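S.K.: Build me a structure from this.
(chains A and B)
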2 protein chains.
Amino acid sequence: MSQLRWDPLKKSWVIITRSPGRGPRDYYQEREQIQLETCPFCYGQEGRGTHEVFALRPAGGPADTPGWKVRVIPNKYPILRIEGSLEPKGSGLYESMDGFGAHEIIIENPDHSRHLAQLTSAEICDVLRAWRARLLDLRRDERFRYLMIFKNHGLEAGAGIPHSHCQLIGLPITPPVIVSELGACRSYFQRHGRCLVCAVLDQEVREGVRVIRNDGRFLVFSPFAAASPFELRIVPLQHAHDFALLDDQTLEALAAALGDTLLRFLAVLHDPPYNFILHSAPPMHLRPGHPHYWGSLPQDYHWHLEVVPRLTRIAGFERGTGFYMNPTPPETASRHLREADLSLYR
Amino acid sequence: MSQLRWDPLKKSWVIITRSPGRGPRDYYQEREQIQLETCPFCYGQEGRGTHEVFALRPAGGPADTPGWKVRVIPNKYPILRIEGSLEPKGSGLYESMDGFGAHEIIIENPDHSRHLAQLTSAEICDVLRAWRARLLDLRRDERFRYLMIFKNHGLEAGAGIPHSHCQLIGLPITPPVIVSELGACRSYFQRHGRCLVCAVLDQEVREGVRVIRNDGRFLVFSPFAAASPFELRIVPLQHAHDFALLDDQTLEALAAALGDTLLRFLAVLHDPPYNFILHSAPPMHLRPGHPHYWGSLPQDYHWHLEVVPRLTRIAGFERGTGFYMNPTPPETASRHLREADLSLYR
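M.R.: Modelled structure (predicted):
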């Protein structure tokens, strides 16, 4: 018997179609990768693209040269550009706006062949430091309503270039997914006087069946209404609304949790394509007078990282209904990941 | 310069990234197809599956035997089943429900190798008659809050079996996509005293740049804020809220419009994977006393068919924001489809 499940954070229904459902081997696939003649993200190619806006260079050296460990550049082919106006334009029924925004590439390491799962915790932590630095810099521009960090790994997950990287997009509109989450958190806080995500963490720790890893700082678990197979959340056990305000120690713990999670994907799902998405409070959360203030307060939003292997396809049903179908219950997915043998990968 | 566009019906923003943007040839892809040893939808296999609930048999003959032109069977592996309770269950923060519902397969023709684009208008009209018959039958069961008809064509669009078919799913919850559309239509009607979709049709006919075909009965156009390349809507020019109440003449005109649209896909996009989705009023729209009545009245909802070639991938950005990215402006897509040379295909 399949089951419909309600996600209180995303406010959406999910159909869990089978129990115990498909195992990892059902998802192995042949995958192609685009190979460029010369990778624009490798050492020695710094002059070909845009000028770097951030880099970690332990030995010093000038910008746009080799010697960096992590490097951030504006996307050469951005989805949104910093030029343009925020004014909506109307024509009859239709409204439009210039594609104002920012689009940056965070190159995670200089080695073309090492992807994020193969980096050490310390190296992953450097990537997180780059996120924090770029978020703190970009939020000074008040035209951004949201700063979104995400990663596409593998062709099916939308990665066009195989050299490991993630992306930051600054948006002139708070995205609907985030607005909906902020609303769910705010409304729960008003009814119960506490954070919705904190309450979810309590229940997940208590039930245990969907937990993959708990080191006392971060809980890694597959949500009750996981919208797709092996989907995870990495959530700080201590309440915090804003990733950009984290201290180094917390970034180190997150790097360890993320690195461990990606190794489990390697071991169980054989390097699946995946996306991850940082969910953090909008930059203007502290200023209730702002016209685009969404009512999010430090006590009612809880930042987290969403990690989604791309193992199934979105078909007509999902598109037409807004329901997702997940053929692997999160309890099954969590068990496989929890019991993974990581000895070969460490 | 890219552009953000607002869809008044879907209530969502879309980023149109380039103008004139990618052309059809950017989207040609090699595609695989699953081949079963014996196709369960072919003549002679009727005994292997579930018992038919509808069939067009011009020469008569018993159920579950060859001789049919269109045949409807319950899905052997349904997403939702007719057994089960509508009662929500709770456990702490989480709510769930049995996977109650119906899931039927509409086999569009007996020939394994002919897909919908290759059928005559009269044959497509027989498929539409089967939709209407199944909708009228299933809506007598008051447990269904929505009856969704859709098609997955090609592997990337989610089709597991290549023999041409579409699907009908009866749902115990009105889907969020439909609730949102009903709300948008209702709110527009309350403000303007007319149907939102009728107003969109007026503007599209007046502007003309996104129109692919207008035969005076149905308008085929790519919406102003098309969420993906070559996405289309097929909409009756005369207001009507409920597909199931259409007369034969209207079904014939729709069959002609749909057949012509699919031939244009063949000619321009070389048999792309695609989904289509019927958007029609929920079955209980006529009964305002019903607890799941959504406030939709015959005058404010306008049924239509959404047709979506699957040419791009959903990546981390779309997933994390709820924004879609479309690299082909609908004006460009419409021009290619409007100017297609169909002489080879008719």
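
S.K.: now the one residue in the stretch 151-300 of chain A that gets nearest to chain B, nearest residue through space, not along the chain?
M.R.: Residue of the stretch 151-300 of chain A nearest chain B, by C-beta to the nearest C-beta: A:Gly158 (2.6 Å). Any C-beta I mention is one placed from the backbone N, CA and C, and that applies to glycine too. Nearest residue to A:Gly158, sequence neighbours excluded (C-beta to C-beta, 6 or more residues apart in numbering or on different chains): B:Ala315, at 2.6 Å.

S.K.: What is the neighbour count of that neighbour?
M.R.: Neighbour count for B:Ala315, taken as other C-beta atoms under 10 Å in any protein chain shown: 21.

S.K.: Quick check: it touching A:Glu156?
M.R.: No: in this structure, B:Ala315 is not within contact of A:Glu156 by C-beta atoms under 8 Å, at 9.4 Å.

S.K.: and the stretch 51-200 of chain A, which residues reach chain B?
M.R.: A:79-81, A:83-84, A:92-99, A:146, A:148, A:150-152, A:156-159, A:167, A:169, A:171-173, A:175-178, A:180, A:196, A:199-200 (C-beta under 8 Å from any C-beta of the partner chain).

S.K.: ok, now with 7 Å
M.R.: By C-beta under 7 Å from any C-beta of the partner chain, the residues of the stretch 51-200 of chain A that approach chain B are A:79-80, A:84, A:92-99, A:148, A:150-152, A:156-158, A:169, A:173, A:175-177, A:199-200.

S.K.: Take those residues and keep only those in helices.
M.R.: Among these, the members falling in helices (DSSP state H) are A:Pro176, A:Val177, A:Ala199, A:Val200.

S.K.: Highest neighbour count among those?
M.R.: A:Val200 (25 neighbours).

S.K.: Chain neighbours aside, what residue packs nearest to it?
M.R.: B:Leu93 (6.1 Å).

S.K.: where does that neighbour land on pLDDT?
M.R.: Looking at B:Leu93, its pLDDT reads 84.

S.K.: Quick check: it touching A:Ala199?
M.R.: Yes: the criterion here is C-beta atoms under 7 Å, and B:Leu93 meets it with A:Ala199 at 5.8 Å.

S.K.: show me where chain A has helices.
M.R.: A:121-138, A:176-192, A:196-207, A:248-269, A:316-321, A:330-338.

S.K.: Tell me the buried residues in stretch A:316-336?
M.R.: Going by neighbour count (16 or more other C-beta atoms under 10 Å in any protein chain shown), the buried part of stretch A:316-336 is A:316-321, A:323-336.

S.K.: quick one: low-confidence parts of the stretch 201-346 of chain A?
M.R.: The model of the stretch 201-346 of chain A has pLDDT under 70 over residues A:284-296.

S.K.: Count the neighbours of the residue of the stretch 151-300 of chain A closest to chain B for me.
M.R.: Using other C-beta under 10 Å, A:Gly158 is surrounded by 23 other residues.

S.K.: Out of the residues of the stretch 51-200 of chain A next to chain B, list just those in strands.
M.R.: Counting by DSSP state E, those place A:Tyr94, A:Glu95, A:Ser96, A:Met97, A:Asp98, A:Met148, A:Phe150, A:Lys151, A:Asn152, A:Ile169 in strands.

S.K.: Going by distance to B:Ala55, which of those wins?
M.R.: The nearest member of those to B:Ala55, counting by C-beta to C-beta, is A:Tyr94 at 44.4 Å.

S.K.: Can you say which of the residues of the stretch 51-200 of chain A next to chain B are buried?
M.R.: Neighbour counting over these (16+ other C-beta under 10 Å) leaves A:79-80, A:84, A:93-99, A:148, A:150-152, A:156-158, A:169, A:173, A:175, A:177, A:199-200 as the buried ones.

S.K.: Excluding chain neighbours, give the residue nearest to the residue sitting furthest away from the middle of chain A in space.
M.R.: Distance from the C-alpha centroid of chain A, by C-alpha atoms, centre = their mean, peaks at A:Gly92 (37.1 Å). Nearest residue to A:Gly92, sequence neighbours excluded (C-beta to C-beta, 6+ apart): B:Gln203, at 4.6 Å.

S.K.: same question, A:Arg217
M.R.: A:Ala253 (4.0 Å).

S.K.: Where does the prediction get shaky in the stretch 51-200 of chain A?
M.R.: For the stretch 51-200 of chain A, counting by pLDDT under 70, the residues that fall below are A:84.

S.K.: tell me the centre residue of chain A?
M.R.: A:Ile277 (1.4 Å).

S.K.: could you check the distance from the closest residue to A:Pro175 other than its chain neighbours over to A:Pro176?
M.R.: The spatial neighbour of A:Pro175 that comes closest, neighbours along the chain excluded (C-beta to C-beta, 6+ apart), is B:Thr321 at 3.4 Å. B:Thr321 sits 7 Å away from A:Pro176, going by C-beta to C-beta, to the nearest Å.

S.K.: residues in contact with the residue nearest to A:Pro175?
M.R.: A:Met148, A:Pro175, A:Val177 (C-beta atoms under 7 Å, 6 or more residues apart in numbering or on different chains).

S.K.: Now with 10 Å, please.
M.R.: A:146, A:148, A:150, A:169, A:171, A:173-179, A:277, B:13, B:15 (C-beta atoms under 10 Å, 6 or more residues apart in numbering or on different chains).

S.K.: Give the bridge partners for the closest residue to A:Trp68 other than its chain neighbours, please.
M.R.: The shortest distance from A:Trp68 to any non-neighbouring residue, by C-beta to C-beta, 6+ apart, is to A:Ala55 (4.3 Å). Going by DSSP bridges, A:Ala55 is paired in beta bridges with A:Arg71.

S.K.: just checking, A:Ala55 touches A:Arg129?
M.R.: No: using C-beta atoms under 10 Å as the test, A:Ala55 is too far from A:Arg129 to be in contact (11.2 Å).

S.K.: any common contacting residues for those two?
M.R.: A:Lys69, A:Val70.

S.K.: With respect to chain B, which of the ones in strands among the residues of the stretch 51-200 of chain A next to chain B is nearest?
M.R.: The closest of those, once distances to chain B are taken by C-beta to the nearest C-beta, is A:Phe150, at 3.4 Å.

S.K.: May I ask you to confirm that that closest one is in contact with A:Val177?
M.R.: No: taking contacts as C-beta under 10 Å, A:Phe150 lies outside contact range of A:Val177: 11.4 Å.

S.K.: Find residues that contact each of the two.
M.R.: Shared contacts of A:Phe150 and A:Val177 (C-beta under 10 Å, 6+ apart): A:Ile277, A:Glu306, B:Glu318, B:Arg319, B:Gly320, B:Thr321.

S.K.: For the fifth one, list the residues it contacts.
M.R.: With C-beta under 10 Å, 6+ apart as the criterion, the residues that contact B:Gly320 are A:146, A:148-150, A:169, A:175, A:177-178, A:275-279, A:306, A:308.

S.K.: contacting residues around A:Cys198?
M.R.: With contact set as C-beta under 10 Å, 6+ apart, A:Cys198 has these partners: A:Tyr188, A:Phe189, A:His192, A:Val235, A:Leu237, A:Gln238, A:His239, A:Gln299, A:Asp300, A:His302.
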